[in-house]
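> okay, sequence plus prediction incoming.
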Amino acid sequence: MKALIFDEPNKPVVTEVQRPVVTADSEVLIRSRRVGICHSDYELLGGRYIIPISYPVTPGHEWVGEVVEVGRNVTGLAVGDRVVGECVIRTPERIHHFGFSMDGANREFFTARPEWLHKLPDDIDDAKATLIEPFTCGYYAVMRNGGTNAAETVVISGGGTIGLVSAAAAIGMGARVIVVDPISLRRDVAMRLGAEATVDPSSVDSIEAVQELTKGGADLVVEASGHASSLANVFDYVRPEGRISMVGINIGQKFPVELGKIQIKDLVVRGCIGSPGVWPAAIRFLDRTKIDLSPIQTHHFRLDDALEALKLGSMPERAVKVTLEIA
């Protein structure tokens, strides 16, 4: 079967590998259908990730697939079921990250255990399903800090995929949403998702713009970029007694920020990583709200063209979410 493999840092290849087989009674065999390319895949390709990794490795943790075989002890899943899967995998030995410390979904078939998997409602098609993994992260970032509703204004600082799905979650909850990002493509996608306004921090003072649009600050700010300027500005985007969810990743860097504003403004600031415990709720949310996430998916490629897809996906001015169609 074909697979995209990172042979070593900065060396991606599409090659033939052996098709896996179900070797345990509690395993399922999945035919991979679509896989999204994530920013963290580029971290992996570059030889760095937040947990230890080794090469070669098959990436791919934003996926949708179809069950084609089930072990004799598997219950709740049947051949033909469409599924998505969580990427943080706990085993007795260690915590694995699917597509990082263990091979992921960028191959035609792979095995998984049913406790990682979630069946999809019929109304969620394959295209939307590939965005469920990032959507759970955005949904978690909003819900971890009290959720939101139609009475509130939410500012999303950073309009990459996680920022955009955070915006979609807040819009689905009824909030008024403003997205701050310097890239016009991302601002356009935010408006197509239903944001009320966007701010270009490269052309205007974003703090003044947000304060004017919100008349004193947002109820909730989701920091989704990890950039130093954004991380500093969120304390001025938020109103007194407001909330900030930090979901953008910035590890190992230091920069000046006036932390006294947390105390002076009586803020609630929460860090968010991943999407623990929210997958079933996030899937129900997408199914019931019928939120259209398709504007986020700007490009689609076949697995054979994965190297071209990786190249385009590294250009944020030209692409937001690049998806590989496996089957």
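Sure, I can see it. Residues are numbered from 1 along each chain as shown.

> and the gap between residue 290 and residue 38?
Distance of residue 290 to residue 38, given as CB to CB, to the nearest Å: 24 Å. The way it works is simple: take the backbone N, C-alpha and C, and place the C-beta from them, glycine included.

> equivalent analysis for residue 197, please.
Look at residue 197 and residue 38: by CB to CB, they are 27 Å apart.

> which of residue 290 and residue 38 has more neighbours?
Between residue 290 and residue 38, counted using other CB atoms under 10 Å, residue 38 has the larger neighbour count: 23 against 10.

> and the spatially closest residue to the more buried one that is not a sequence neighbour, how many neighbours?
Distances taken as CB to CB, 6 or more residues apart in numbering place residue 62 nearest to residue 38, at 5.6 Å, with adjacent residues excluded. By the measure other CB under 10 Å, the count of residues near residue 62 is 29.

> mind giving me the domain split of this protein?
Domain segmentation of the chain under automatic domain parsing yields 2-131+293-325, 136-271.

> how about these, which one is nearest residue 280?
domain 2-131+293-325 (6.5 Å; CB to CB).

> could you work out the end-to-end span of that closest one for me?
Start and end residues of domain 2-131+293-325 are separated by 12 Å (CA to CA, to the nearest Å).

> check which helices and strands the host helix or strand of residue 192 sits against.
Using DSSP states H and E, residue 192 sits in helix 184-193. Applying 3 or more CB pairs under 8 Å, 6 or more residues apart in numbering; DSSP states H and E, one finds that helix 184-193 contacts helix 161-172, strand 176-180, strand 197-199.

> so what's the closest residue to residue 250 other than its chain neighbours up against?
Excluding the flanking residues, the one nearest residue 250 by CB to CB, 6+ apart is residue 226, at 4.1 Å. Neighbour list for residue 226: 158, 248-250 [criterion: CB atoms under 8 Å, 6 or more residues apart in numbering].

> now residue 309: how far from residue 240?
Distance, residue 309 to residue 240, using CB to CB: 45 Å.

> more neighbours: the two, which one.
Set residue 309 next to residue 240 and count neighbours by other CB under 10 Å: residue 309 wins out with 24 against 11.

> helices of the protein, start to end?
With DSSP state H, the ranges of helices along the chain come out as 39-45, 126-129, 132-143, 161-172, 184-193, 206-214, 228-237, 260-264, 279-289, 306-313.

> quote the end-to-end distance of stretch 51-70.
First residue to last in stretch 51-70 (CA to CA) measures 30 Å.

> one more: stretch 266-285?
Using CA to CA, the two ends of stretch 266-285 sit 31 Å apart.
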